[in-house]
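Student: structure for this input, please:
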Amino acid sequence: MNVRALRLAGLILTLALSAGSVRAEVPVVRTSTTVVGPGSDPVVVGEPHPDDWQERYDRLDQPDVDGRPPPPADAGDVLIWVPRVLFSPLFLVTEFGIRRPLGALLTWVEKENIPAFFIDLFTFGEGRKVGLVPTAFIDFAFRPSFGIYFFANDAFVDGHELRITAAYGGDDWYKAFLVSRWRLGPSTRISFALRFLERPDYIFHGIGPFSQQDDRSRYNRRFVGAEVGFIQNLWGLGGVRLTTEVEENQFEPSDSVFGDPSLLQASAAGFFELPPGIEGYFVSRNRLAVDFDTRRDIRENGTGLSVSGDLELGLDLNRPGDRSWLAAGSGLAGHLDLGHNRIVSVAGAVRNVAALGDDPVPFSELVTSGQSVLFLSGFQPGRLTGNSVVAWALEYRYDVWALVDGRAFFSVGNVFGEGFDGFDPELLRINYGLGFASVGDPDASLNFLVAVGHETFREGSNLDSVRFVLGFQPEL
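Tutor: Alright, predicted model coming up:
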């Protein structure tokens, strides 16, 4: 977190109060005074800068004085119109239904210096390196949560970052995360984390591609964990992360949330078999994750290729000879910038979790839906669970505001058995949605998402799930 994320949170908190005062078109002006936070963009305050008129003049079309005709269009200039035409209906919806109204509102809010008010209210000390921010998060079908987020840059010594988040969602819903990171150099960091989470509203519908929406059950999960990590940046094009973690997991029935039966009750009624690991386990995870993106700055040029991969070894320390597993995943995406930072992406992702011992992998270590905006996000976390996942997606991403990106996506995918056992194109599910999210802060994000998930093609691809997400939540 830094002043950038706080700035976004403050803007969103004022949307409802200021909506009636926004004009359709609001000019953007440069200012002569700024308030700068650590690692953040300037926060504008003050009066219009006199050079603003010069900038406007510089942007005007200049007269053609050399008499030469413009250069002929090349093949790229012609081909770029193909995706532009195909995405023109989506462009009209996102441009005039989301980007322009929201962008005008946020511009007005910033012009009125409202972000500066929230920065003064929630940040402290020289350079605004310390802050305490309220948080809230809503994901329909789950309890809403409210909390606080504390951040401190250069805490105690230079190069040390401290992050603490705590949240409460009612009885038996508690969250407390702490992360301490140390910069060893311009591109190298180590981190230490402690995590505690208990909540009674986790959902489970069974394992495999055939799970049904009507088979929803609830359970209580409590975990306490500690993690040590090493992060190495790769020349601004990606990074490598090594982590080792231990975590104690306990599960209990929960039948008091939204009237759904407990997992034990649903299993006794024949909805599904009891999942492996429900008795609890003490896990050790060792993980290597690598990501690479040819785009150093998508604001400058959004065309490029991105690749990611991870490998994880898990071991139940209570049953080390019988329960262990290997998880591996990869993703590949190509991106085409249509101009003005409107980016079309085609992406694919696979992941598989395979048992190495005689006992099956605990169900809470398997692949689940709702974890990625691009893949299966129309289904809540826990709605789809399996040993593997296959998914493809088409995404249109666009600027809403300086620190907010809008996105519209369409994807197909589903979960399957170990080693992609049972994969069949007829078992894929359609998934699509619209939303926006803050960018640039690795610790916290502001999210809005409306997404829809469908049944498998074999079942007729009927509407199966609608998901709504809204809130500001630290991701530590």
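Student: Ile343: neighbouring residues, count only.
Tutor: 23 (other CB atoms under 10 Å). (Glycine included, C-beta is placed from N, CA and C.)
Student: same thing with Asn220?
Tutor: Count around Asn220 with other CB under 10 Å applied: 21.
Student: show the subsequent helix or strand relative to the helix or strand where it lies.
Tutor: Here Asn220, judged by DSSP states H and E, is contained in strand 217-233. Counting by DSSP H and E, the element after strand 217-233 in chain order, helix or strand, is strand 238-253.
Student: list the strands paired with that following strand, with their directions.
Tutor: For strand 238-253, the pairing partners within the sheet under DSSP bridges are strand 217-233 (antiparallel), strand 281-293 (antiparallel).
Student: now tell me what touches the shortest one from outside.
Tutor: Read it as strand 281-293. Strand 281-293 has contacts (CB atoms under 8 Å, 6 or more residues apart in numbering) with 234, 237-249, 304-319, 323, 362, 365.
Student: and the strand holding Asn220, how far out from the chain's middle?
Tutor: 17 Å (CA atoms, centre = their mean, to the nearest Å).
Student: can you mark which positions in it are buried?
Tutor: Residues of strand 217-233 classed as buried: 217-223, 225, 227, 229, 231 (neighbour count, 16 or more other CB atoms under 10 Å).
Student: what is the burial count for the closest residue to Val246 other than its chain neighbours?
Tutor: Distances taken as CB to CB, 6 or more residues apart in numbering place Ser284 nearest to Val246, at 5.3 Å, with adjacent residues excluded. Neighbourhood size, Ser284 [other CB under 10 Å]: 15.
Student: from Glu247, how far off is Ser284?
Tutor: 8 Å (CB to CB, to the nearest Å).
Student: got it, and Gln213?
Tutor: To Glu247, Gln213 is 30 Å away according to CB to CB.
Student: ok, these two, which is more surrounded?
Tutor: Per other CB under 10 Å, whichever of Gln213 and Glu247 has more neighbours is Glu247, with 17 against 13.
Student: which positions are bridged to the more buried one in the beta structure?
Tutor: With DSSP bridges as the rule, Glu247 is bridged to Gly225, Val283.
Student: cool, Val415 as well?
Tutor: With DSSP bridges applied, Val415 shows beta-bridge pairing to Val389.
Student: how much space separates it from Phe177?
Tutor: Noted for Val415: a distance of 27 Å to Phe177, by CB to CB.
Student: then Asn301?
Tutor: Counting by CB to CB, the separation of Asn301 from Phe177 is 35 Å.
Student: same thing with Asp154?
Tutor: Separation of Asp154 from Phe177 (CB to CB) stands at 20 Å.
Student: out of these two, which sits in the busier spot?
Tutor: Set Asp154 next to Phe177 and count neighbours by other CB under 10 Å: Phe177 wins out with 20 against 17.
Student: my guess is the more buried one contacts Phe223, does it?
Tutor: No - counting by CB atoms under 8 Å, Phe177 does not reach Phe223; the two are 11.5 Å apart.
Student: who touches both of the two?
Tutor: By CB under 8 Å, 6+ apart, the residues touching both Phe177 and Phe223 are 195-197.
Student: buried ones only from those residues, please, as a ChimeraX command.
Tutor: To isolate in ChimeraX the members of the shared contacts of Phe177 and Phe223 that are buried, counting by 16+ other CB under 10 Å, one can use:
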select :195
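Student: could you dump the shared contacts of Phe177 and Phe223 to CSV with pLDDT?
Tutor: As requested, those are exported to CSV (pLDDT from 0 to 100):
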residue, pLDDT
Arg195, 97
Phe196, 97
Leu197, 96
